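J.: Here you go, sequence then predicted model.
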Amino acid sequence: MKKNDIIFIVFLILLFLPFFISSDLYNFYKQFNHNHGMIMAFIKFAILATLGEVLGLRIRTGKYTKPGFGVLPRAMYWGFYGLTIKMAFIIFATGVPNFLQYLGVENAASVMKQPFSSTKLLMSFSISTAMNLIYAPVLMTAHKITDTHIVENNGSFWAVFKPINVSKIITTMDWNVQWNFVFKKTIPLFWIPAHTITFLLPQDFQVLFAAILGIILGVLLAIAAVMGKK
């Protein structure tokens, strides 16, 4: 284990430890998270999803950062994506049950407020499937575009404020990888099952769990990238 690994682990401990040792701080977090869900969505994804990318870089290169990687602009973009993810959670968690009830599934709109059951599990799976088939590809493509934009600007924080040449980036993307791995494999094999669990959780914990999944996905993508080079 290298010195940077120890520093990273200590950082993670210091980040989460206060919430375990201080009930007042944890209660403040729960209250603030409940009252200001969008603000917390930005913060959670800006920190946790960016950590996932940093871990992914560590697995691929042996380093937590490198020139041109752009931790700060990545965090800003992830914060923005966190807002859209929170929005998507609300839209699909309310829209899908109402749509299924419209199709004739009784009590579909209220089952998510009830204790765990096979019906609630099926409903969570339906919400996750709809969200990941409709919303996730847009998010993943946008994320790839902004990542490329950051690299093209040498990781500068000001890349966030510069216009993105979407037409150039989107036409030069590796759509073979985007389609055959990012869409066809991570969506059905990772995101749909993972978000099925997400929608079974209390609403105040869903976005936090989704942000933690961002860390896991960053690691999985890095492992896949390393395996692809062998």
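T.: Received, thanks.

J.: Show me how this protein divides into domains.
T.: Domain assignment of the chain by automatic domain parsing yields the ranges 1-35, 37-229.

J.: which of those is buried the deepest?
T.: domain 37-229 (a mean of 17; mean count of other CB atoms under 10 Å). (Glycine included, C-beta is placed from N, CA and C.)

J.: Now do Leu208, the pLDDT please.
T.: Looking at Leu208, its pLDDT is 86.

J.: Spit out the contact partners of it.
T.: Contacts of Leu208 were listed using CB atoms under 8 Å, 6 or more residues apart in numbering, and they are Asn33, Lys44.

J.: Please give the three-state secondary structure assignment for it.
T.: helix (DSSP: H, G, I helix; E, B strand; the rest coil).

J.: Excluding covalently adjacent residues, which one is nearest to Leu213?
T.: Nearest residue to Leu213 in three dimensions, chain neighbours excluded: Ala194, at 5.2 Å (CB to CB, 6 or more residues apart in numbering).

J.: What of Leu100?
T.: Leaving aside its sequence neighbours, Leu100 sits nearest to Ala108 (CB to CB, 6+ apart; 4.1 Å).

J.: distance of the one you found from Asn4?
T.: Using CB to CB, to the nearest Å, Ala108 is found at 49 Å from Asn4.

J.: picking that back up, check which helix or strand covers the residue nearest to Leu213.
T.: Ala194 belongs to helix 192-198 when elements are defined using DSSP states H and E.

J.: Touching that helix from outside, list them.
T.: Here helix 192-198 makes contact (CB under 8 Å, 6+ apart) with 121, 124-125, 127-129, 131-132, 206, 209-210, 213, 216.

J.: What is the helix or strand hosting Phe11 packed up against?
T.: Here Phe11, judged by DSSP H and E, is contained in helix 3-21. Helix 3-21 sits against helix 23-35, helix 50-61, with contacts defined as 3 or more CB pairs under 8 Å, 6 or more residues apart in numbering; DSSP states H and E.

J.: and the helix holding Ala194, how far from the chain's centre?
T.: Remark: helix 192-198 is offset 12 Å from the chain centroid, using CA atoms, centre = their mean, to the nearest Å.

J.: For it, the averaged confidence score.
T.: On average, helix 192-198 scores 95.

J.: Would you mind writing the CA trace of it as CSV?
T.: The C-alpha trace of helix 192-198 is given here as CSV (Å, rounded to 0.1, in the frame of the first residue of the first chain):
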residue,chain,number,x,y,z
ILE,A,192,-31.3,-1.9,-13.0
PRO,A,193,-30.6,-4.4,-10.2
ALA,A,194,-28.9,-1.7,-8.1
HIS,A,195,-31.6,0.8,-8.5
THR,A,196,-34.2,-1.8,-7.7
ILE,A,197,-32.6,-1.9,-4.3
THR,A,198,-32.4,1.9,-4.3
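
J.: quick one on the thing from earlier: tell me the one among the contacts of helix 192-198 nearest to Thr171.
T.: Taking CB to CB as the measure, Thr171 sits nearest to Asn132 out of the contacts of helix 192-198, at 25.2 Å.

J.: Now do the SS call for that closest one.
T.: Per three-state DSSP, Asn132 ends up helix.
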